[in-house]
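sequence unknown, structure follows:
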């Protein structure tokens with residue numbers, strides 16, 4: 001699979017190594033052993049969430065915030081096209097998204113001040129400006145902690161492809177995602193190490209191994225009672241066993257179970273297949289799915305890379321995700337959030353290869369759909385050259401607060417860190433009421 005290296009030297013992989021949970025190296029049983037639940041407002045519109053990271057920082061001016069009347073050194077090469085939302089225009093290379101613009105909201109003029117990849121990524125993945133003294137948890141970890149009545153045979157938080165950005169932070173590895181380790185391929189059964197049965201392993205063999213473990217547990221029961229590290233081992237091992245042997249869990253990850261007619265709009269690229277898997281997982285009952293599409297760090301060849309690679313890939317996968325969730329009746333109950341870590345310079349840079357744009361956090365776009373979000377609208381506005389917000393400033397904190405609001409989570413709720421320090425889920429930020437109007 002393709003790998004991307006940002007200009008600041010931070011490597012981003014589209015697909016994580018199989019069988020690990022982020023950088024923790026946890027097995028499925030370890031992951032389940034550490035899982036806990038909190039609480040969510042019962043009347044929340046969204047019951048699940050999908051978060052998509054556009055790693056590298058996509059250009060706002062060449063996607064969802066074009067300025068056709070700006071000077072040539074700003075406006076770029078692409079033209080705007082009308083969408084099915086009145087008065088809303090997108091880039092001409094996003095025709096599929098233009099046809100379903102009524103299903104999502106565009107946030108323009110989102111602004112912050114962190115122009116480095118790592119800092120910007122940490123900011124938009126948590127809704128909190130990074131601090132050297134504290135690592136904030138990502139959205140998926142918070143949703144996992146807040147969720148009640150989680151299905152025993154399904155993970156609550158799944159990371160598809162590259163999502164090392166969604167970290168558990170001060171909440172600890174018990175709230176880290178279950179990483180798939182790969183992305184699906186069109187029309188093929190999909191195996192996830194730790195969930196699917198591979199290498200000829202059968203359910204009967206798993207049952208035999210479980211019986212042996214029970215015998216060993218009995219043998220060492222006296223020791224276990226006096227060891228906090230083994231406390232609760234039986235309960236979480238049983239949950240891991242339930243997931244491995246659950247037909248529902250295995251089928252939830254198997255996109256070959258989808259009808260060809262439903263799967264066709266997702267295309268055959270990794271991102272589209274990840275979007276298809278995400279729709280299937282939330283349908284099965286998974287609370288949070290994260291994924292990424294990298295390569296947006298376009299200091300050079302911005303227009304060629306966008307036109308011939310990035311925009312068609314995003315257009316196909318994202319439009320199919322919105323339409324597919326709506327077709328399954330899941331869009332109202334699933335909130336979807338798409339963002340990069342920043343925008344890119346409105347004025348083209350002076351590098352030897354023409355047509356590049358550099359890092360630019362002062363103005364960017366974000367997208368949100370489902371979960372009570374009113375689609376077909378643009379919230380916020382940038383100035384005539386897309387250099388800054390025209391009026392009110394929208395921050396990543398505001399969007400994070402709104403994301404949690406759709407899920408029924410109070411973003412001002414406090415958790416204690418391991419040192420006993422009380423910290424709000426989102427320390428700054430206000431819910432954007434217009435998103436839900």
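Thanks, I have it. None of the values given here were measured: they were computed from a predicted structure.

pretty sure residue 154 is in a helix, no?
No: under the criterion used here (DSSP: H, G, I helix; E, B strand; the rest coil), residue 154 is coil, not part of a helix.

Tell me how far it lies from residue 160.
14 Å (CB to CB, to the nearest Å). (Each C-beta comes from the backbone N, C-alpha and C, glycine too.)

These two - which one has more neighbours?
Between residue 154 and residue 160, counted using other CB atoms under 10 Å, the more crowded position is residue 160 (31 against 21).

Model confidence for that one, exactly?
Predicted confidence (pLDDT) for residue 160: 90.

Next: residue 231.
pLDDT, residue 231: 37.

With residue 352 instead?
51.

Equivalent analysis for the one 3 residues further on, please.
Taken from the predicted model, the pLDDT recorded for residue 355 is 80.

since we're on it, how many residues are nearby?
17.

tell me what the one helix or strand residue 144 maps to is packed against?
According to DSSP states H and E, residue 144 maps onto helix 139-146. Applying 3 or more CB pairs under 8 Å, 6 or more residues apart in numbering; DSSP states H and E, we find helix 139-146 packed against strand 48-53, strand 157-159, strand 288-292, helix 396-406.

quick one: average pLDDT of that helix?
94.

And stretch 186-196, by the same measure?
The model assigns stretch 186-196 a mean pLDDT of 67.

try stretch 321-341
Here the average pLDDT along stretch 321-341 is 98.

Span of that stretch from start to end?
21 Å (CA to CA, to the nearest Å).

Over to stretch 132-150?
33 Å.

buried set for that stretch?
135-147, 150 (16 or more other CB atoms under 10 Å).

Same question for stretch 373-383.
For stretch 373-383, using 16+ other CB under 10 Å, the buried residues are 373, 375, 376, 377, 378, 379, 380, 382.

ok, now stretch 96-109?
In stretch 96-109, counting by 16+ other CB under 10 Å, buried: 96-98, 100-109.

now swap in stretch 308-316 and tell me
310, 311, 312, 313, 314, 315, 316.

With stretch 402-419 instead?
Neighbour count says stretch 402-419 has 402, 403, 404, 405, 406, 407, 408, 409, 410, 411, 415, 417 buried, by 16+ other CB under 10 Å.

Can you give me the distance of the fifth one to residue 189?
If you measure residue 406 against residue 189 using CB to CB, the figure is 33 Å.

again, but for the first one
Taken as CB to CB, the spacing of residue 402 relative to residue 189 amounts to 38 Å.

Please apply the same query to the last one.
Taking CB to CB as the criterion, residue 417 is separated from residue 189 by 42 Å.

contacting residues for residue 96?
315, 316, 319, 320 (CB atoms under 8 Å, 6 or more residues apart in numbering).

Show the contacting residues for the second one.
Put plainly, it is residue 316. 96, 265, 266, 267, 269, 271, 272.

what's the average pLDDT for stretch 374-386?
97.

Check the separation of the first and last residues in that stretch.
Terminal-residue distance, stretch 374-386 (CA to CA): 24 Å.

how distant is it from the center of its chain?
Stretch 374-386 sits 22 Å away from the centroid of its parent chain (CA atoms, centre = their mean, to the nearest Å).

coming back round to it: redo the buried residues of stretch 132-150 as a markdown table? Include distance to residue 295.
A markdown table is the format used below for the buried residues of stretch 132-150 (distance: CB to CB, whole Å):
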| residue | distance to residue 295 |
| --- | --- |
| 135 | 26 |
| 136 | 26 |
| 137 | 27 |
| 138 | 21 |
| 139 | 22 |
| 140 | 23 |
| 141 | 26 |
| 142 | 28 |
| 143 | 27 |
| 144 | 29 |
| 145 | 32 |
| 146 | 33 |
| 147 | 32 |
| 150 | 34 |
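
tell me which of the residues you listed is nearest to residue 341?
residue 138 (13.4 Å; CB to CB).

what's the closest one in contact with, if anything?
Contacts of residue 138 (CB under 8 Å, 6+ apart): 125, 126, 165, 166, 167, 168, 169, 290.

Which helix or which strand is home to the residue nearest to residue 58 when sequence neighbours are not counted?
Distance criterion CB to CB, 6 or more residues apart in numbering; nearest residue to residue 58, sequence neighbours excluded, is residue 296 at 4.3 Å. For residue 296, there is no enclosing helix or strand under DSSP H and E.

what residues are up against residue 296?
54, 55, 56, 57, 58, 59, 310, 340.

How about residue 53?
Taking CB under 8 Å, 6+ apart, one finds 121, 124-125, 162-163, 165-166, 290-293, 339-340 in contact with residue 53.

tell me the pLDDT at it?
Residue 53 is given a pLDDT of 96.

so how far is residue 126 from it?
12 Å.

Contacts only, for the most centrally placed residue in the chain.
Centroid check for the chain by CA atoms, centre = their mean gives residue 51 as the closest residue, at 2.4 Å. Residues in contact with residue 51 (CB under 8 Å, 6+ apart) are 125, 139, 140, 163, 166, 288, 289, 290, 291, 336, 337, 338.
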